[in-house]
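>>> with the input below, show me the fold.
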Amino acid sequence: MGKFFKRLTAAVMTVAMLATGVLFLSAFAAPAQDTVPLRSTLEAAGAQVDWTQTHITVSVGTDTWVFTPGSTQARHNSTVVTLFEPVIITNGVALISAADVARIGATPTPTGITPEVPAGEFVQTIATANIAAEQALAMGVAGITIAIVDAETGFTWTQGFGMADTDRNLPADADTLFQIGSIAKQFTAIAVMQLVEEGLVELDAPLISYIPEFYIPTSPRYGGNSDDITVRMLLNNTSGVPCNWMRAFFVTGDDHYQGIMNDMLDWLSTRELSFAPGTRYDYANNNWVLLGILVSRMTGHTNYFEGFNEYTNEHIFAPLGMTRSTFEHTSQLTNVAQPHLVTGMQSPMQVISKSSAGSLLSSANDMATYMHFLLGGQADAQILSQASIAQMLRIQTSHVDMQAPLLGYGLGFAQMQMPDGFQTVGHSGGAMYYFSDVIFNLENGLGVFVSTNSTPGMLAAQAVSVAILQTALMEKTGSIPLADVDTPTIDPAAVPVELSEEEIAELYALEGFYDFGIGGIWQLHVEDGALVWTPSGDDEAEVAVPMSDGSFQGPEGRYVFSIDGENISVIYFSPYIGMIPGVRVDVEGLEAPAEFSQWIGRYYFVPGLPGEVISTTLIELIVDDFGRAAIIRPTVQTDVLSEMLGMNLSLPTPLTQFGDMWYLDLTPLFFSMEDGNATIDFMGSTFVRS
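Predicted coordinates for the structure are as follows:
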């Protein structure tokens, strides 16, 4: 759709194929024509072939070759060589290119593909993991670590790829510690549920029962009373506690700023509720800070940061045998993945001070141990009952509306649905330059963990985990369960048609402005029996012609409209990036008042304590092309990805007004002006206009 969607399509084609498993799974179904069966070909030439779960070793005289399925890198004795084609697997057969067979010194004599059963389980799944890791590294991820488990059989596979530290040339392995961000929330939830089982906490009791001084002022926009917030509401993100992504979230170096937890109760008393407790879902890190405070308070600690870390070490990590995992980053830790913008561009370490919300460091080996415990498999200790685990995994937000792809949220666990209908339970996690995902298929006892230490991991982590889990399901059960997805469809065989005058007249009802989110606002009008889209900015208009299936074909994709009374929506179908929804909006009703002009300009972050860093160091207030008050807030990550993809990912987001206050969704912007100097308190951080 226009230059923007054309660039977006080209830029994220690889990511979209990652997300649907196309790149990974096609390696098992579409071998090149010049490939031959590896084992039968080489054994016929006198070589010895040993196929394990992770590698294929070929011995030819005194020479040894080691191949990793899906990888173009192989080892010849002590030398790494690049193959002409990666070794792939199809129908249980390892295939190698004839050109690579010739390099080994054997003569390819194909006799047809015959079954070749390797040693071990989940061979194709492991091959998928290897392919996925290599593709992530090719995208600019410096290091990635992966764990796969089947709790029903006790199967475990873990491995690190790439570099943990490019400055010191240290590789990532299965014991390398990665910052796994909000996956920490699962462990915070476990800690709370342990207190519930001990009778120290009740899920539906008000938080003030345990922390009497807890108070957040009522929202002038949505009302509500913080006395009504329960422990369960904190655990399922329906509390109305304001989200705070910024204030003292990251600090450079190894020392956490403990004040972010110890001062949280005082700070919240200066904010306002985002909404009336229990009336909607809003993912808020401060819910989890409060839960960490609750755990510390109920176990006799006055320093909330230290108390929470001590409790989880003693009651979760040590009993389970997660010997490397910790909520507290210190200089004494070894084998820690360092943050990278992209491969070769290492950044100073930044640690999270909101311990219980996201400061967890863990490894693939430790997360494999955790996944076995959670799925009811082998565990060193049963630290929580299966009944409590089942409650945590069950959706707890059915009483409020959820936005796709989130089906619902449990107690520290999200249920997600991919565009093809594939569903998972788990949680993603993000820290400064770290992106992770852990997902489960509960019915079959399967779990996958992926963590990366570079900005492109934002695009890769979930795509990799989903592709691996889908392959594991196919390999274990023979199918990938997909839910019925009620979405508009298009007919690939549709052809252009010429509309009658009556049909053209009906098109005029579609005219107006449509908001496509990341794609911006586009104006639609009818011209010569076709639809003409005109975007904001200087992109050229484009024509969409009517098709025989009722859709409209544009230069890069198709449009399907839905009419519900006066509400009109549209789905833009891209052949590469899937569906992009749009909705008709009244831009005239969103015009900024004249007094908003006093706040227009660029605002720069002012640290509130030494070493404080945030991902958004600049925000800009503008009046956009349609006269709306809007905010632009690029992040370090979007800047890196924008440069990688050759496009701007930091687009304006409209602001809304209530009384004298301006809001970004549920987040208020607190303005102040002194001697002509404008300041904004945004998400707990101070920004000053240049």
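
>>> quick one: end-to-end length of stretch 568-586, please.
11 Å (C-alpha to C-alpha, to the nearest Å).

>>> avg pLDDT for stretch 292-301?
Stretch 292-301 comes out with an average pLDDT of 97.

>>> again but with stretch 643-662, I slipped
Mean pLDDT, stretch 643-662: 78.

>>> same check, this time on stretch 670-678
Stretch 670-678 carries an average pLDDT of 93.

>>> now that stretch, how far from the chain's geometric center?
37 Å (C-alpha atoms, centre = their mean, to the nearest Å).

>>> just the CA atoms of that stretch, as CSV, please.
Listed next in CSV are the C-alpha coordinates belonging to stretch 670-678 (Å, rounded to 0.1, in the frame of the first residue of the first chain):
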residue,chain,number,x,y,z
PHE,A,670,1.8,16.2,32.7
PHE,A,671,2.8,19.5,31.1
SER,A,672,4.4,22.5,32.9
MET,A,673,5.7,25.8,31.6
GLU,A,674,8.1,28.2,33.5
ASP,A,675,9.5,31.3,31.8
GLY,A,676,8.7,29.8,28.4
ASN,A,677,10.5,26.5,29.2
ALA,A,678,8.2,23.6,28.5
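
>>> give me the residues contacting that stretch.
Contact partners of stretch 670-678, identified using C-beta atoms under 8 Å, 6 or more residues apart in numbering, comprise Gln598, Trp599, Gly601, Tyr603, Trp662, Thr679, Ile680, Asp681, Phe682, Val688, Arg689. All C-beta atoms are positioned from the backbone trio N, CA, C, and that covers glycine.

>>> got the buried residues for that stretch?
Neighbour-count burial for stretch 670-678, counted by 16 or more other C-beta atoms under 10 Å, picks out Phe671, Ala678.

>>> in the stretch 401-550 of the chain, which spans are strands?
Along the stretch 401-550 of the chain, the stretches classed as strands by DSSP state E, counting those that start in this stretch are 406-409, 414-417, 423-431, 434-441, 446-452, 512-515, 521-527, 530-535, 542-546.

>>> now do the fifth one against strand 423-431: the angle between them, please.
Note on geometry: by axes from the mean of the first three to the mean of the last three C-alpha atoms, to 10 degrees, strand 446-452 and strand 423-431 are set 20 degrees apart in direction.

>>> what helices or strands is strand 446-452 leaning on?
Counting contacts by 3 or more C-beta pairs under 8 Å, 6 or more residues apart in numbering; DSSP states H and E, strand 446-452 packs against strand 143-150, helix 364-374, strand 434-441, helix 457-477.

>>> same question, the last one
In terms of contacts (3+ C-beta pairs under 8 Å, 6+ apart), strand 542-546 is packed against strand 530-535, strand 552-553.

>>> most neighbours per residue, which of the ones you listed?
strand 552-553 (a mean of 22; mean count of other C-beta atoms under 10 Å).

>>> right, and the helix or strand after that strand?
strand 558-564 (DSSP states H and E).

>>> buried ones in that next one, by neighbour count?
Arg558, Tyr559, Val560, Phe561.

>>> and what of stretch 192-200?
Val192, Met193, Gln194, Leu195, Val196.

>>> can you put the residues you listed in JSON lines and add pLDDT and distance to Val149?
Shown next, in JSON lines, are these (pLDDT from 0 to 100; distance: C-beta to C-beta, whole Å):
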{"residue": "Val192", "pLDDT": "98", "distance to Val149": "24"}
{"residue": "Met193", "pLDDT": "98", "distance to Val149": "21"}
{"residue": "Gln194", "pLDDT": "98", "distance to Val149": "23"}
{"residue": "Leu195", "pLDDT": "98", "distance to Val149": "27"}
{"residue": "Val196", "pLDDT": "98", "distance to Val149": "26"}
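
>>> helices - which of the residues you listed land there?
Val192, Met193, Gln194, Leu195, Val196 (DSSP state H).

>>> which of those lies closest to Ala151?
Within those, proximity to Ala151 (C-beta to C-beta) peaks at Met193, which comes in at 19.2 Å.

>>> next, count neighbours for the closest residue to that closest one other than its chain neighbours.
Distances taken as C-beta to C-beta, 6 or more residues apart in numbering place Ser388 nearest to Met193, at 4.6 Å, with adjacent residues excluded. Ser388 sits with 18 neighbouring residues when counted by other C-beta atoms under 10 Å.
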